[in-house]
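Here is a sequence with its predicted model. Questions after.
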Amino acid sequence: MKTVLFYGDSNTWGYDPATRTRFDIHTRWAGVARDLLGADWHVIEEGLGGRTTVWDDPIEGYKNGREYLIPCLNTHKPLDVVCIMLGTNDLKMRFSLPACDVAAGAGVLAQIAQKSEAGRDGAAPAVVLMCPPPFASLAGTRFVDMFAGGEAKSREFAKHYRIVADELGCHFVDVGEIVQSSTLDAIHYEASEHRKLGEFMAAYLRERF
């Protein structure tokens with residue numbers, strides 16, 4: 001049996017933009033992937049709403065993805081694959097970051113996994129850097145002020161994340177080629193998009209690992 005860790009934010013946790021609650025285990029994308037992969041794979045969901053790549057959130061607290069990653073890797077090892085999808089929350093106005101710095105932060109997390117001994121026999125696991133999709137229009141949503149300026153920056157993600165993945169020699173998935181962010185809040189994924197991403201990742205993991 002192979003083990004994969006999905007490390008992300010509220011979109012990995014399974015936030016429903018319509019109800020503001022959590023999708024059930026078979027609806028959220030990691031659960032869809034788990035159902036499709038079957039008994040040959042153990043799928044670990046590590047999603048936390050508001051999680052950043054490497055930044056301390058002065059308002060929400062306890063959201064720094066770097067701080068929890070090493071304990072997380074050690075908790076769940078041995079791991080065959082670590083899939084990292086973070087960066088959306090780095091676009092909050094309070095951080096004032098360009099897209100290239102967000103991608104660089106995601107790259108720091110990828111390097112931590114690459115340098116860890118969390119894989120089989122003390123080796124490092126394979127790493128998949130997953131680039132979050134662009135925002136939908138923020139206009140009229142409750143996030144319009146919190147993420148002011150983030151819509152344009154999110155459209156630059158794929159270019160910068162791909163560069164980082166190439167530099168690190170890790171696998172790369174542009175999630176924006178698979179799903180669209182919901183028009184309900186501009187940031188989260190509706191159930192149909194979770195299904196698409198889960199199906200894609202199940203096939204991706206089978207083919208490459």
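Noted; the coordinates are in hand.

tell me the phi and psi of the residue most central in space within the chain?
In the chain, the C-alpha nearest the mean C-alpha coordinate belongs to residue 85, at 1.7 Å (CA atoms, centre = their mean). The phi/psi pair for residue 85 (degrees, to the nearest 10) reads phi -130, psi 90.

partners of the spatially closest residue to it that is not a sequence neighbour in the sheet?
Using CB to CB, 6 or more residues apart in numbering and skipping the chain neighbours, the partner closest in space to residue 85 is residue 130 (3.7 Å). All C-beta spots, glycine's among them, are computed from the backbone N, C-alpha and C. Taking DSSP bridges as the rule, residue 130 bridges to residue 173.

what about residue 130, how many neighbours?
Around residue 130 there are 27 other residues, counting by other CB atoms under 10 Å.

circling back: who is the residue nearest to the centre of the chain paired with across the strands?
With DSSP bridges as the rule, residue 85 is bridged to residue 8.

what's it in contact with, if anything?
For residue 85, the contact set (CB atoms under 8 Å, 6 or more residues apart in numbering) comprises 6, 7, 8, 9, 11, 12, 130, 131, 132, 175.

could those residues go into a markdown table alongside pLDDT and distance to residue 93?
Putting the contacts of residue 85 into a markdown table (pLDDT from 0 to 100; distance: CB to CB, whole Å) gives the following:
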| residue | pLDDT | distance to residue 93 |
| --- | --- | --- |
| 6 | 99 | 27 |
| 7 | 99 | 24 |
| 8 | 98 | 21 |
| 9 | 98 | 17 |
| 11 | 98 | 19 |
| 12 | 98 | 23 |
| 130 | 99 | 24 |
| 131 | 98 | 21 |
| 132 | 98 | 17 |
| 175 | 98 | 23 |
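
Could I have the buried ones of the residues you listed as PyMOL selection syntax?
Buried members of the contacts of residue 85, defined by 16 or more other CB atoms under 10 Å, are picked up in PyMOL with:
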select buried, resi 6+7+8+9+11+12+130+131+132+175
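
now, which of the contacts of residue 85 sits nearest residue 68?
Within these, proximity to residue 68 (CB to CB) peaks at residue 7, which comes in at 8.8 Å.

so what's the closest one up against?
Contacts of residue 7 (CB under 8 Å, 6+ apart): 46, 65, 69, 72, 82, 83, 84, 85, 86, 109.

Am I right that the first one sits in a strand?
Going back to what we said before, that points to residue 46. Yes: counting by DSSP: H, G, I helix; E, B strand; the rest coil, residue 46 is part of a strand.

Who's the closest spatial neighbour of it, skipping the chain neighbours?
residue 7 (4.8 Å).

could I get the longest helix seen in the chain in CSV with only the CA atoms?
Taking DSSP state H as the criterion, the chain has its longest helix at helix 191-208. What follows is helix 191-208, C-alpha atoms only, in CSV (Å, rounded to 0.1, in the frame of the first residue of the first chain):
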residue,chain,number,x,y,z
ALA,A,191,-18.8,20.1,-5.3
SER,A,192,-18.5,19.6,-9.0
GLU,A,193,-14.9,21.0,-9.0
HIS,A,194,-13.9,18.8,-6.0
ARG,A,195,-15.1,15.9,-8.1
LYS,A,196,-12.9,17.0,-11.1
LEU,A,197,-9.8,17.5,-8.9
GLY,A,198,-10.3,14.2,-7.0
GLU,A,199,-10.6,12.3,-10.3
PHE,A,200,-7.6,14.0,-11.8
MET,A,201,-5.4,13.4,-8.7
ALA,A,202,-6.4,9.7,-8.5
ALA,A,203,-5.4,9.1,-12.1
TYR,A,204,-2.2,11.2,-11.6
LEU,A,205,-1.0,9.3,-8.6
ARG,A,206,-1.7,5.9,-10.2
GLU,A,207,0.1,6.8,-13.4
ARG,A,208,3.2,8.3,-11.8
